[in-house]
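> quick one, fold the following:
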Amino acid sequence: MLNPLFESAEYVDFSATILYNYFIMLIILSLLIFIRPFISSLTYSYTNTFYSLLLLFFLCLWVISKKIEPEGFAAVKYPLICFSFALIVSTLLSVNRLNSLTQLYQYANGMLIFLVCASFNHEQKKRLIRVIALTGIIASALAIYQYFFGFARLTQYAAREGINDPFVMDYISRKRVFLPFVTPNILAGYLAMTIPVILVYKYRIWLVIPMAFALFLTKSLGGIAVIPVILIVYFLLDEKIKTKKALLALSGIIIAIAIIAILRFSAQKLHQHPFFSTAMRLDYWKQTLRIIAYAPLKGVGPGNFNLGPSRYAHNSYLQLWAETGIFGLITFLWFMARAMNKGLEALRESAKRREIACLFCASLAFLLHNLVDFSFFLPEVSLIWWAILGLLYSFIRQPLPES
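As a prediction, the model looks like this:
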């Protein structure tokens with residue numbers, strides 16, 4: 001029989017080792033999520049592949065080592081299983097299996113980061129929310145720097161390399177910021193998603209100002225138009241918001257949208273008009289529907305969508321249908337609805353209404369923007385959404401204590 005004192009010391013040492021390992025793994029995961037928005041999958045393809053495989057290995061290691069209990073995911077278990085099955089079937093029946101396999105692990109990363117974040121405790125949630133907020137702030141700073149200092153160098157580079165693409169020259173001539181992404185619309189969608197995360201910090205709400213300014217500098221009507229919708233939802237969810245403040249915030253956003261619309265309509269070049277952008281999207285959607293009609297049940301396979309002038313449908317739900325078939329679209333919408341609905345249930349039951357409302361609005365902003373864009377298929381943005389959705393779902397699994 002061992003001495004009780006020895007047994008106690010051994011237990012304390014073992015517990016400390018476990019806590020230390022948890023802490024190290026959480027730091028690694030935080031760093032991986034932190035750098036994700038700054039690795040463009042369209043620009044740095046090899047770096048993106050290396051990062052994605054590294055993240056996949058780490059997430060699998062986390063799920064195995066932390067022994068995430070499936071009981072806590074009863075509400076989304078079947079939608080996730082069915083969506084995974086749809087992805088596998090569409091990959092096996094794909095017109096190009098290699099392309100589909102390279103896209104499949106991106107979906108795996110998203111679903112795994114959702115499961116990991118949904119299993120977080122109170123302190124882990126707080127840490128990851130800070131990380132996501134910090135990435136948004138840094139992205140905003142890069143965009144603002146680009147507006148004041150970066151376009152002169154970009155103009156010189158375009159002239160030196162003989163770049164004359166009308167859309168690229170449009171971004172430069174009208175100083176539509178896009179760093180750290182490749183288009184202003186993607187940056188706008190990312191900022192629209194991360195701005196609500198900043199609202200979690202009641203006494204640091206001033207941090208929204210540079211992010212809102214960067215969003216304005218994108219001159220993206222789609223990204224900015226999302227903000228009034230999520231603000232209305234946020235005001236409805238957070239009962240502590242005063243009516244005057246709500247009206248003032250909404251008025252400011254509406255004025256910003258009006259200014260950008262006027263600037264866009266006053267542009268002399270055809271491709272700078274909002275009507276041109278709308279017509280282009282409508283044409284993409286028509287072409288996408290023709291692809292869907294070709295293979296409505298199984299799709300053409302993940303990663304195989306291509307319209308010629310664009311690799312994206314500029315509507316992620318139509319593209320998801322085209323790639324994974326109707327079963328893939330339905331099961332994804334099923335999963336999404338279940339996870340978001342559980343977040344609303346947590347809102348009614350938890351004392352942390354502000355945190356839940358902010359995460360719900362952040363997730364909603366991403367989903368709304370993907371009605372007119374394609375950031376769902378860019379892991380530098382979509383992975384952050386999967387993490388936010390996981391954090392939202394974690395409240396139903398493990399409600400935060402009252403503060």
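> below-threshold pLDDT in the stretch 301-403 of the chain: ranges please.
Scanning the stretch 301-403 of the chain with the threshold set as pLDDT under 70 gives 350-351, 397-403.
> which stretches of it form strands?
Using DSSP state E, counting those that start in this stretch, the stretch 301-403 of the chain contains no strands.
> helices along that one, start to end?
316-349, 353-369, 379-397 (DSSP state H, counting those that start in this stretch).
> got these as JSON lines, with distance to residue 213 and mean neighbour count columns?
C-beta coordinates here come from the backbone N, C-alpha and C atoms, glycine included. Shown next, in JSON lines, are these (distance: least, CB to CB, whole Å; neighbours: other CB atoms under 10 Å):
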{"stretch": "helix 316-349", "distance to residue 213": "27", "mean neighbour count": "20"}
{"stretch": "helix 353-369", "distance to residue 213": "17", "mean neighbour count": "24"}
{"stretch": "helix 379-397", "distance to residue 213": "20", "mean neighbour count": "25"}
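> CSV for those helices, including distance to residue 173?
Formatted as CSV, those follow (distance: least, CB to CB, whole Å):
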stretch, distance to residue 173
helix 316-349, 29
helix 353-369, 25
helix 379-397, 26
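> to residue 222, which of these lies closest?
helix 353-369 (6.4 Å; CB to CB).
> can you tell me which helices and strands the closest one packs against?
Contact here means 3 or more CB pairs under 8 Å, 6 or more residues apart in numbering; DSSP states H and E; on that basis helix 353-369 packs against helix 184-198, helix 221-237, helix 316-349, helix 379-397.
> would you tell me which of these gets closest to residue 37?
Taking the helices and strands packed on helix 353-369 one by one with CB to CB, helix 379-397 is closest: 5.1 Å.
> so the closest one versus helix 316-349, what angle?
Helix 379-397 and helix 316-349 are oriented at 30 degrees to each other (axes from the mean of the first three to the mean of the last three CA atoms, to 10 degrees).
> who are the packing partners of helix 379-397?
So helix 379-397, by 3+ CB pairs under 8 Å, 6+ apart, packs with helix 4-35, helix 45-66, helix 97-118, helix 122-145, helix 184-198, helix 316-349, helix 353-369.
> the same query, at a cut-off of 6 Å, please.
When contacts are defined as 3 or more CB pairs under 6 Å, 6 or more residues apart in numbering; DSSP states H and E, helix 379-397 sits against helix 97-118, helix 316-349, helix 353-369.
> taking helix 379-397 as reference, get the angle to the first one.
Here helix 97-118 runs at 40 degrees with respect to helix 379-397, directions being taken by the same axes, to 10 degrees.
> and helix 97-118, what's buried?
For helix 97-118, the buried set under the neighbour-count rule, 16 or more other CB atoms under 10 Å, comprises 97, 99-100, 103-118.
> averaged pLDDT, that helix. What do you get?
The pLDDT scores in helix 97-118 average 93.
> angle of it against helix 122-145?
120 degrees.
> now for helix 97-118, which elements pack on it?
Identification of packing neighbours for helix 97-118 by 3+ CB pairs under 6 Å, 6+ apart yields helix 45-66, helix 74-92, helix 379-397.
> nearest to residue 231, of those?
Nearest of these (CB to CB): helix 379-397, 17.1 Å.
> touching the closest one from outside, list them.
Residues outside helix 379-397 that contact it (CB atoms under 6 Å, 6 or more residues apart in numbering) are 36-37, 40-41, 72, 106, 110, 113-114, 117-118, 120, 125, 190, 339, 342-343, 346, 350, 356, 359-360, 362-363, 366, 375-376.
> before we move on, back to that, in JSON lines: the helices and strands packed on helix 379-397, plus distance to residue 307.
Shown next, in JSON lines, are the helices and strands packed on helix 379-397 (distance: least, CB to CB, whole Å):
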{"stretch": "helix 97-118", "distance to residue 307": "15"}
{"stretch": "helix 316-349", "distance to residue 307": "10"}
{"stretch": "helix 353-369", "distance to residue 307": "20"}
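> nearest approach to residue 156 belongs to which of those?
Closest approach to residue 156 among the helices and strands packed on helix 379-397 (CB to CB): helix 353-369, 32.3 Å.
> pull the closest one out as CSV, backbone CA atoms only.
Extracted as CSV, the C-alpha positions of helix 353-369 are listed here (Å, rounded to 0.1, in the frame of the first residue of the first chain):
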residue,chain,number,x,y,z
ARG,A,353,-27.0,37.1,-23.5
ARG,A,354,-24.5,39.6,-24.9
GLU,A,355,-21.9,37.0,-25.8
ILE,A,356,-24.5,34.7,-27.4
ALA,A,357,-26.2,37.5,-29.3
CYS,A,358,-22.8,38.7,-30.7
LEU,A,359,-21.7,35.3,-31.9
PHE,A,360,-25.2,34.6,-33.4
CYS,A,361,-25.0,37.9,-35.3
ALA,A,362,-21.4,37.1,-36.5
SER,A,363,-22.5,33.8,-37.8
LEU,A,364,-25.6,35.3,-39.4
ALA,A,365,-23.5,38.0,-41.1
PHE,A,366,-21.4,35.3,-42.8
LEU,A,367,-24.4,33.4,-44.0
LEU,A,368,-26.1,36.5,-45.4
HIS,A,369,-23.1,37.7,-47.2
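> thinking again about what came up before, export the helices and strands packed on helix 97-118 as a markdown table, with columns for distance to residue 198.
Converted to a markdown table, the helices and strands packed on helix 97-118 look like this (distance: least, CB to CB, whole Å):
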| stretch | distance to residue 198 |
| --- | --- |
| helix 45-66 | 24 |
| helix 74-92 | 27 |
| helix 379-397 | 12 |
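> who wins for proximity to residue 175 among these?
Nearest to residue 175, of these and by CB to CB, is helix 379-397 at 22.2 Å.
> about what we covered before: closest one to residue 85 among the helices and strands packed on helix 353-369?
Taking those one by one with CB to CB, helix 316-349 is closest: 7.8 Å.
> my guess is residue 339 contacts residue 75. True?
No: between residue 339 and residue 75 there is no contact under CB atoms under 6 Å: 7.5 Å.
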